[in-house]
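Enquirer: Build me a model:
(one chain, ligands or ions: 2)
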Amino acid sequence: MERKTPVISPEDLRRQAEIAQYIREFWQNQGVTPVACVETYGCQQNEADSEQIRGILEQCGYGFTDAAEGADLVVINTCAIREHAAQRVFGNVGALVHTKRRHPGQKIFVCGCMMGQPEISARMKNSYAHVDGIFSPHHLWQLPEHLYRVLIRHKKAWAVEDSNGAIAEGLPVVRTNALKAWVSVMYGCNNFCSYCIVPYVRGRERSRLPADILAECRDLIATGYREITLLGQNVNSYGKDLGLGVDFADLLTQIADLPGDFLLRFMTSHPRDASHKLFDTMASRPKIARQFHLPFQSGNDRILKEMNRHYDRAQYLELIDYGRKLMPDIVFTSDVIVGFPGETEEEFEDTVSLIERVRFDALFTFIYSPRPGTPAAKMPDPTPKEEKNRRFDRLLAVQNAISEEKHRAYVGKTVRVLVDGRDGDRLTARTGGGRLVRFEGDDGLIGKFIDVTVTDATTWSLVGAVTM
Ligand code: 5AD
Ligand code: SF4
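Expert: Numbers count the residues shown, from 1 in each chain. Ligands and ions are numbered 1, 2, ... in the order given. From the prediction side, this is the model:
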C-alpha cells in the first residue's frame with residue numbers, strides 16, 4: 001500500500017524558514033528583541049502545537065513572556081471541544097483590545113481548533129477588528145508567512161481553508177518542560193463520534209513515519225528527557241495510512257527498546273481499536289508506563305450506538321479485564337459524557353454502574369455540549385440542564401469516593417516515581433500510573449527516578465517519604 005498522507009515538501013518548509021529568517025532580520029535591524037505571549041487552551045495536542053508555534057516564533061527572533069500586556073505578539077491557541085472553552089476564548093480575545101490600545105504595535109493571532117470551524121472563524125474575522133490574523137491547525141506550519149503578511153505588509157492574515165491535513169516534519173519546537181516531552185505520532189481522527197468536533201477541525205488520520213518518531217525520541221532521551229508521551233487523537237489507528245505493516249504496538253516496542261532511562265506514555269486510545277497486542281506489549285516492556293487512558297463515554301449500549309462508538313459495554317469491560325489480568329497494577333483512567341441527547345435516567349445509571357464496576361483511578365467527567373455541525377447537535381435533547389447537572393454531580397461523588405479509596409490503598413506501599421518539580425516545601429513526582437506524590441526532599445532529586453513510601457493519601461494526591 002502506498003502512503004496516503006500528503007506531506008509538506010522540504011522546499012515549502014525551507015521557504016517558511018527563509019521568511020522566518022527575514023522576520024528575524026527585520027527585528028534585528030530595529031535593534032529590538034520582540035516578545036511573544038502564546039496562550040493555550042484545551043488538550044495536550046494543543047500544548048504540543050503551541051510548542052511548535054514557539055519554535056517557529058523563536059526562529060523569527062521572538063523571546064517569550066507569559067503576559068499579553070506589553071507583548072509584541074499574542075497568539076491564542078484555541079479549543080473547540082466544548083462550548084464553555086469557546087466562550088472563554090471570545091472573552092479573552094475581546095479583552096486584548098485594551099492591551100493593544102496600550103501597545104499599538106501589538107499583533108494578535110488566533111489559531112487552533114476553533115479556527116477550523118467556519119462559522120466561528122468568520123465571527124472572529126468579522127467582529128474582532130483588533131485581531132490581525134487567524135489560522136486553523138492545518139496552516140500552523142505557514143506561521144512565518146502569516147506573520148510576514150501582518151508585520152511587514154500590514155495586511156490581515158486569514159488562513160482557514162479546510163483540508164484533510166498533511167504532515168509537516170522537522171518544524172522547530174520550544175518545549176516548556178525539560179523532563180517531560182510530548183511527541184505527536186499522528187494527527188486527525190476518522191471516528192466521527194456523533195458529539196465530537198475534532199474530525200471536522202483536525203482532518204483525517206495521518207501518521208508520522210516510524211523513523212521520524214524514533215529519531216525525535218532518541219534526541220529527547222539524549223538531551224535528558226525522562227518521560228515521553230506519545231500523542232494522537234486515536235493512537236490505536238497509528239500506521240493504518242502508512243502501509244508499512246507497523247501498528248501502534250510495534251511503534252511502542254521500537255521506542256521502548258531505545259537505550260536510556262525513561263518512561264513512555266501514550267494517549268488517547270479508542271476502545272474499538274485497543275488491541276490485546278497493545279496490552280501484551282505494555283506488559284513486556286518496563287519502560288512503558290502502566291497507565292491506560294481509555295475513554296468509555298457511556299456505560300449504556302444504546303447511547304454508545306447513538307454516539308457512533310462501535311463497541312459495547314461488554315467489549316469495553318473485556319478490555320479492562322484483559323489488561324488487569326495481565327498487569328494487576330495497571331492504572332485505568334477514562335473520559336465520560338453525561339447528558340448526551342436523549343439519555344434517560346436508567347441509561348445514566350448504566351454509566352454509574354460501569355464506573356463502580358471498573359473503579360477507575362481517575363475520571364474526566366463532561367456534561368454534553370452541542371457542537372454545531374455534528375450529528376448529535378441535531379438530536380432531540382429534552383433533558384433539562386438542572387437534571388444534567390445533577391447527574392454530573394452524582395458521577396463526581398461516585399468517582400471521588402473511588403479515587404480516594406484507591407489512593408488510600410497506596411498507603412504503606414513503596415512506589416517508583418519520576419521527581420518532576422517542587423510545589424512549596426514539597427517535591428512533586430508521578431508514579432508510573434500517573435498518580436501525583438508529594439514529599440520532602442532535596443532539589444537534587446528533580447529529574448530522577450526514585451522509590452517513595454506512601455504515608456498518606458487524599459482524593460487528588462499521595463503523600464510520601466523518600467525510601468532510604
Ligand atoms: N461535549 C462534551 N464532552 C465532549 N468530549 C468530546 N466532545 C464533547 C462534547 N461535544 C469529551 C469526550 C472526549 C474528551 C476529550 O472530551 O469525553 O473523550
Ligand atoms: Fe472525537 Fe471520537 Fe475522534 Fe476522540 S475518537 S477525537 S471523541 S471523534
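Enquirer: contacting residues for the residue nearest to Ala283 when sequence neighbours are not counted?
Expert: Spatially, and ignoring its direct neighbours in sequence, Ala283 is nearest to Leu326 (4.7 Å; CB to CB, 6 or more residues apart in numbering). In this view, the C-beta of every residue, glycine as well, is placed from N, C-alpha and C. Listed by CB atoms under 8 Å, 6 or more residues apart in numbering, the contact set of Leu326 reads Phe279, Asp280, Met282, Ala283.
Enquirer: Alpha carbons of the helix or strand harbouring the first one, as PDB, please.
Expert: Translated: Phe279. Here Phe279 sits within helix 276-284, counting by DSSP states H and E. Extracted C-alpha coordinates of helix 276-284, given in PDB (Å, rounded to 0.1, in the frame of the first residue of the first chain):
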ATOM      1  CA  HIS A 276      -4.800  -7.300  23.200                       C
ATOM      2  CA  LYS A 277      -1.500  -6.900  21.400                       C
ATOM      3  CA  LEU A 278      -1.100  -3.400  22.900                       C
ATOM      4  CA  PHE A 279      -1.700  -4.700  26.400                       C
ATOM      5  CA  ASP A 280       0.800  -7.600  25.800                       C
ATOM      6  CA  THR A 281       3.400  -5.000  24.600                       C
ATOM      7  CA  MET A 282       2.900  -2.900  27.700                       C
ATOM      8  CA  ALA A 283       3.300  -6.000  29.900                       C
ATOM      9  CA  SER A 284       6.500  -6.900  28.200                       C
END
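Enquirer: and the residue nearest to Met379 when sequence neighbours are not counted, how many neighbours does it have?
Expert: With sequence-adjacent residues excluded and distances taken as CB to CB, 6+ apart, Met379 is closest to Pro341, at 3.8 Å. Residues contacting Pro341 under the criterion other CB atoms under 10 Å number 20.
Enquirer: Count residues in the vicinity of Leu395, would you?
Expert: With other CB under 10 Å as criterion, Leu395 counts 20.
Enquirer: Would you quantify the distance from Asp420 to Gly239?
Expert: Plainly put, Asp420 is 30 Å away from Gly239 if you go by CB to CB, to the nearest Å.
Enquirer: so where does the residue nearest to Met379 fall, helix or strand?
Expert: Per DSSP H and E: nothing holds Pro341, as it lies in no helix or strand.
Enquirer: Might one say that it is in contact with Ser369?
Expert: No. At 11.2 Å, Pro341 does not count as touching Ser369 under the criterion of CB atoms under 8 Å.
Enquirer: which one among the contacts of Leu326 gets closest to Val358?
Expert: Phe279 (15.1 Å; CB to CB).
Enquirer: Quick check: that closest one touching Phe332?
Expert: No. Contact between Phe279 and Phe332 fails when scored by CB under 8 Å: they sit 11.3 Å apart.
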